[in-house]
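>>> Generate a structure from the sequence data that follows.
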Amino acid sequence: MKTFLTFIVFGLLVASCSTQQKTTGTQSLKEVVNTDSTEYGVIILDPEFDHWYLTRFSNAMDRDNNVYRMYNRTAVMNWNDYFIRGKYRNIIENHLDYDYHTDYGIEVNRKLYWYFRFIEEKYKIRLLN
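All right, here's what the predicted structure looks like:
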């Protein structure tokens, strides 16, 4: 019986160490580990965002990755502050686990920035300023 219990605990331990997806309200940062590099992606679950993004974004408005990182840092701090204080509970449901020292790449940073702009416009919540 002890051996059987040991195998079950070991199996659960191995299963818990698998690739994790961090859910953050209506979006998530997903980490995919390759043999030599790490790739990140943002999944936005709000169905209105894609249409909004396609109508607002153009290559002429694109910025440098560091600019997006700076804006995202401010927006994440404001988002987490609203979450901790319980403000906008129906919109901001989870804490964002965004590491300021990790470079998620321009695609992730751009999409996250534009998601914050979407939230600002749709719900009138100040995140980027």
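
>>> For the protein, just list every one of the strands.
All strands of the chain, identified by DSSP state E, fall at 21-24, 27-33, 38-44.

>>> what's the least confident stretch among the ones you listed?
Between the strands of the chain, the one with the least mean pLDDT is strand 21-24; it has a mean of 42.

>>> got the contact list for the longest helix along the chain?
The longest helix of the chain (DSSP state H) is helix 65-85. Residues outside helix 65-85 that contact it (Cβ atoms under 8 Å, 6 or more residues apart in numbering): 88, 92-96, 98, 100, 103, 105-106, 109-110, 112-113, 116, 125-129. Using the backbone N, CA and C atoms, a C-beta is placed for each residue, glycine as well.

>>> so how far is that helix off the chain centroid?
Counting by Cα atoms, centre = their mean, to the nearest Å, helix 65-85 is centred 11 Å from the centre of its parent chain.

>>> With just CA atoms, put that helix into PDB.
What follows is helix 65-85 as a C-alpha-only set of coordinates in PDB (Å, rounded to 0.1, in the frame of the first residue of the first chain):
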ATOM      1  CA  ASN A  65       9.600  47.400 -27.900                       C
ATOM      2  CA  ASN A  66      11.100  49.400 -25.100                       C
ATOM      3  CA  VAL A  67       8.300  52.000 -25.400                       C
ATOM      4  CA  TYR A  68       5.700  49.200 -25.100                       C
ATOM      5  CA  ARG A  69       7.500  47.700 -22.100                       C
ATOM      6  CA  MET A  70       7.400  51.100 -20.400                       C
ATOM      7  CA  TYR A  71       3.700  51.600 -21.000                       C
ATOM      8  CA  ASN A  72       2.900  48.000 -20.000                       C
ATOM      9  CA  ARG A  73       4.900  48.400 -16.700                       C
ATOM     10  CA  THR A  74       2.700  51.400 -15.800                       C
ATOM     11  CA  ALA A  75      -0.500  49.700 -16.900                       C
ATOM     12  CA  VAL A  76       0.300  46.500 -15.000                       C
ATOM     13  CA  MET A  77       1.100  48.500 -11.800                       C
ATOM     14  CA  ASN A  78      -2.300  50.400 -12.100                       C
ATOM     15  CA  TRP A  79      -4.200  47.100 -13.000                       C
ATOM     16  CA  ASN A  80      -2.700  45.300  -9.900                       C
ATOM     17  CA  ASP A  81      -3.400  48.300  -7.700                       C
ATOM     18  CA  TYR A  82      -7.100  48.400  -8.800                       C
ATOM     19  CA  PHE A  83      -7.200  44.600  -8.200                       C
ATOM     20  CA  ILE A  84      -5.800  44.900  -4.700                       C
ATOM     21  CA  ARG A  85      -8.100  47.800  -3.800                       C
END
